[in-house]
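>>> Provided below are the primary sequence and the corresponding predicted coordinates.
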Amino acid sequence: MSNSSRIGVIGGGAWGTALAQTAAATGNQVTIWAREPEVVLDINQHHRNELFLPGVPLDGALRATTDLAEIAALETILLVAPAQHLRTVTGQLSGTLKPGATLVVCAKGLEQSTGKLLGQILGETVPSARLAILSGPSFAADVARGLPTAVTLAAADPSHGHALAEQLSGRNFRIYWTDDLIGTQLGGAVKNVLAIAAGIVDGRELGASAHAALVTRGFAELRRLGEALGARTETLMGLSGLGDLLLTCGSPQSRNMSLGRALGQGKLLDEYLGSRRSVAEGVYTAAAVVSRAAELGVEMPVASAVHAIVDGKLTVDAAIESLLSRPLKPEA
């Protein structure tokens with residue numbers, strides 16, 4: 001457990017609130033920035049976030065604000081805004097951050113319009129900040145309730161990663177650190193796309209054998225892309241890669257798997273997305289993953305099938321048929 005620090009969290013959704021709760025439980029002074037005034041009011045007056053994390057009592061010391069300048073004044077900031085909004089948020093922070101401030105990216109995805117990793121976006125918008133990535137198998141409700149969770153934290157300087165791990169870890173929130181920023185980001189991004197595929201298999205009732213095959217072949221795609229981008233195999237085999245993939249593809253509590261199940265059951269994408277407040281990042285990351293893979297000459301048939309489905313180019317049945325009719329080849 002770390003000494004008390006002042007920590008800001010940008011994002012008042014379920015994951016941002018859960019991370020704020022964990023950081024506060026270890027004695028840190030934590031302020032959450034939320035876009036919704038009702039969330040700020042609920043946290044400050046009732047110590048709850050019923051809009052995004054219902055039924056979970058929050059630490060009474062947590063504060064919330066709609067003023068981004070309050071967060072910019074802090075030395076450690078957790079960025080939990082959705083991946084596709086990260087450039088806008090960090091652009092607003094540019095020029096107002098404290099010198100040497102640490103920004104910890106806690107979102108998972110690739111920027112749809114550019115295919116860039118989220119750390120690359122920070123390099124462009126807030127180049128003076130110290131960058132870290134937090135990723136791994138973690139459902140917000142589990143973390144907020146203090147259930148045991150282990151994740152990966154990546155920082156270019158191992159001593160910086162170690163210090164952050166000490167600052168953010170708690171008794172039931174265990175952080176392992178690494179200097180492999182690419183691998184840590186990539187695992188969290190690609191698993192969201194693969195979770196949609198796993199959900200489709202589940203929604204179509206194709207069976208446990210098909211689910212296991214899909215997840216395994218999907219992981220092979222992740223490793224191929226990771227190798228092309230310079231990620232370490234051991235990182236992809238760890239918490240932020242295989243661990244997160246198993247969690248996200250194995251439970252309908254996952255937003256991306258839940259979306260895939262709905263598609264597999266014949267529901268329309270727009271209908272599903274319109275009924276949810278939370279973001280299924282895999283919908284937006286799929287295009288970026290497929291684009292980067294094509295640029296690098298990496299074959300990713302499962303991710304490509306997901307992209308074709310969410311982009312309206314293939315029906316679920318046609319995508320399944322295209323995967324099953326692929327030529328036979330060696331496994332490795």
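Thanks, I have it.
>>> Tell me which residue is most central in the chain.
Central residue of the chain (C-alpha atoms, centre = their mean): Lys108, 2.7 Å from the mean position.
>>> residue contacts, that one?
Counting by C-beta atoms under 8 Å, 6 or more residues apart in numbering, Lys108 touches 83, 135, 185, 188-189, 191-192, 244, 281. For every residue, glycine as well, the C-beta is placed using N, CA and C.
>>> cutoff 6 Å now
188-189, 281 (C-beta atoms under 6 Å, 6 or more residues apart in numbering).
>>> so it sits in a strand?
No - applying DSSP: H, G, I helix; E, B strand; the rest coil, one finds Lys108 to be coil, outside a strand.
>>> on that earlier part again, where is pLDDT lowest across the contacts of Lys108?
Checking pLDDT across the contacts of Lys108, the minimum falls on Glu281 at 91.
>>> check contacts around it.
Here Glu281 is in contact with 83, 108-109, 192 (C-beta under 6 Å, 6+ apart).
>>> Just give the closest residue to it, not the sequence neighbours.
Nearest residue to Glu281, sequence neighbours excluded (C-beta to C-beta, 6 or more residues apart in numbering): Gly109, at 4.2 Å.
>>> Same check on Leu118?
Nearest non-adjacent residue to Leu118, counting by C-beta to C-beta, 6+ apart: Val105, 4.9 Å away.
>>> and the gap between the one you found and Gln120?
11 Å (C-beta to C-beta, to the nearest Å).
>>> the more surrounded of these two?
Val105 (27 against 17; other C-beta atoms under 10 Å).
>>> wait, that one sits on Ile121?
No - counting by C-beta atoms under 6 Å, Ile121 is not a contact partner of Val105; they are 8.7 Å apart.
>>> got CSV for the contacts of Glu281, with pLDDT and distance to Lys329 too?
As requested, those are arranged in CSV below (pLDDT from 0 to 100; distance: C-beta to C-beta, whole Å):
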residue, pLDDT, distance to Lys329
Ala83, 95, 33
Lys108, 97, 30
Gly109, 96, 30
Asn192, 96, 26
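>>> Please identify, among those, the one with the most neighbours.
When neighbours are counted by other C-beta under 10 Å, Asn192 leads the contacts of Glu281 with 31 neighbours.
>>> How about Thr26, nearest residue that isn't a chain neighbour?
Gly170 (4.5 Å).
>>> Name the residues of the helix or strand of the chain with the lowest mean pLDDT that are buried.
One helix or strand of the chain scores below all others by mean pLDDT, DSSP states H and E: helix 269-274, with a mean of 88. Neighbour-count burial for helix 269-274, counted by 16 or more other C-beta atoms under 10 Å, picks out 269, 272.
>>> Which residues does that helix contact?
For helix 269-274, contacts defined as C-beta under 6 Å, 6+ apart pick out 259, 262, 310.
>>> one more time with 8 Å, if that's ok
Residues from elsewhere that reach helix 269-274, judged by C-beta under 8 Å, 6+ apart: 259, 262-263, 280, 283, 310, 312.
>>> and the residues you listed, which are buried?
Here, 16+ other C-beta under 10 Å leaves 259, 262-263, 280, 283, 310 buried among the contacts of helix 269-274.
>>> where's the residue nearest to Thr26 relative to Val151, distance?
Gly170 sits 11 Å away from Val151, going by C-beta to C-beta.
>>> More neighbours: those two, which one.
Applying other C-beta under 10 Å to Gly170 and Val151 shows that Val151 carries more neighbours, namely 25 against 20.
>>> which residues does the more buried one form a beta bridge with?
Counting by DSSP bridges, Val151 forms beta bridges with Ile175.
>>> I'd like the distance between it and Ile175.
Plainly put, Val151 is 6 Å away from Ile175 if you go by C-beta to C-beta.
>>> With Leu78 instead?
Per C-beta to C-beta, Leu78 is found 13 Å from Ile175.
>>> Need the overlap of contacts for these two.
Leu134.
>>> rewinding a little: could you tell me which residues touch both of Val151 and Ile175?
Residues touching both Val151 and Ile175 (C-beta under 8 Å, 6+ apart) are Leu134.
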